[in-house]
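Undergrad: Generate a structure from the sequence data that follows.
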Amino acid sequence: MTVGGAKSLIRFASPKMLLIASGTYPWIVQSTAMVNHYYFYGVDEDFGPFFLKFCSYFPYNAKLCINGLSE
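TA: As a prediction, the model looks like this:
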């Protein structure tokens, strides 16, 4: 098994305070950030080559790709 890492740009929801004449209100806006992704490469006897991609930022998304096909 081989392990790798890379930085990628992701989108996420970020809280923000919206200022209106009558006061401030909580608001959610979309933001972007550069975060680390970690890759785990391996070979399975039945399915062939695969990799797992994990994001190091909440909500910690993961992607599994088996034999060149995303699952």
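
Undergrad: and the strand ranked longest in the chain, which residues are buried?
TA: Scanning the chain for the strand with the most residues, using DSSP state E, yields strand 23-44. Neighbour-count burial for strand 23-44 flags H37 (criterion: 16 or more other CB atoms under 10 Å). Every residue, glycine included, has its C-beta placed from N, CA and C.

Undergrad: which helices and strands does it pack with?
TA: Contacts defined by 3 or more CB pairs under 8 Å, 6 or more residues apart in numbering; DSSP states H and E place strand 23-44 against strand 2-20, strand 48-55.

Undergrad: okay, and for this protein, where does confidence drop off?
TA: 69-71 (pLDDT under 70).

Undergrad: So for it, which residue is the most central one in space?
TA: In the chain, the residue lying closest to the centroid (CA atoms, centre = their mean) is C55, at 4.0 Å.

Undergrad: ok, it to E45 distance?
TA: Distance, C55 to E45, by CB to CB, to the nearest Å: 28 Å.

Undergrad: same deal with A21?
TA: 67 Å.

Undergrad: what about the residue nearest to V35 when sequence neighbours are not counted, neighbour count?
TA: Leaving aside its sequence neighbours, V35 sits nearest to Y57 (CB to CB, 6 or more residues apart in numbering; 4.1 Å). Using other CB atoms under 10 Å, Y57 has 14 neighbouring residues.

Undergrad: going forward can the numbers begin at 47, since that is how I track them
TA: New numbering, starting at 47: the last item is Y103.

Undergrad: Am I right that Y103 is in contact with H83?
TA: No: using CB atoms under 8 Å, Y103 makes no contact with H83, being 9.1 Å away.

Undergrad: Now find how far off-centre stretch 67-87 is within its chain.
TA: 12 Å (CA atoms, centre = their mean, to the nearest Å).
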